[in-house]
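A.B. asks: with the input below, show me the fold.
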Amino acid sequence: MQIRRFSSDVKSKVPGGHAGLYAVPILHEDAHSSPEQLETYARKVNGLPLFSEGAPHVVALYFEPHATMDEHSAPHPILFMVVHGSGFVRIGGPQGETQPVRAGDAILWPPHVDHHAWTDDSELHAIVIEGWGPPSRT
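C.D. replies: Numbering: from 1, shown residues only. Sure thing, here's the model as predicted:
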């Protein structure tokens, strides 16, 4: 049995320009890494995620007040489920549609489309599922 704690007490800073954004990897595809590589990764993310062959990636994201995720796209759909707090999401680039979101909302970002999430005075916690099925081609 594998157990992975993903509460905010084990979160780590998301690298790059994502101001105020922290994460805990929950589920990843078994990468067949060496014990040394796994140990290094475990130190970086405060423990190891659960591993499963062919699994999607599942991550808990923790946005602090006034946090932002850099706008980006992915080659696969992403399910973004808000489990605590509130914030905003945008799809389709700077001129795209912006919507407020709060706990209980689920957003599906399609592949190859820019998406963005941020908070104002509130924090936001989300579970993100990405990479199920083969990447789509454009």
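
A.B. asks: what is the subsequent helix or strand relative to the helix or strand Tyr22 falls within?
C.D. replies: Element membership of Tyr22, judged by DSSP states H and E, is strand 21-29. Next in sequence after strand 21-29, counting helices and strands by DSSP H and E, comes helix 35-44.

A.B. asks: surely Gly87 is within a strand?
C.D. replies: Yes: residue assignment for Gly87, taken from DSSP: H, G, I helix; E, B strand; the rest coil, places it within a strand.

A.B. asks: and it, bridged to which residues?
C.D. replies: On the basis of DSSP bridges, Gly87 is bridged to Val101.

A.B. asks: equivalent analysis for Tyr62, please.
C.D. replies: Tyr22, His125.

A.B. asks: go on, His115?
C.D. replies: Each beta-bridge partner of His115 is listed here: His72, Ile91, as defined by DSSP bridges.

A.B. asks: confidence score at it?
C.D. replies: Looking at His115, its pLDDT reads 96.

A.B. asks: that one and His72 touch, don't they?
C.D. replies: Yes: using Cβ atoms under 8 Å, His115 is in contact with His72, at 7.1 Å. Using the backbone N, CA and C atoms, a C-beta is placed for each residue, glycine as well.
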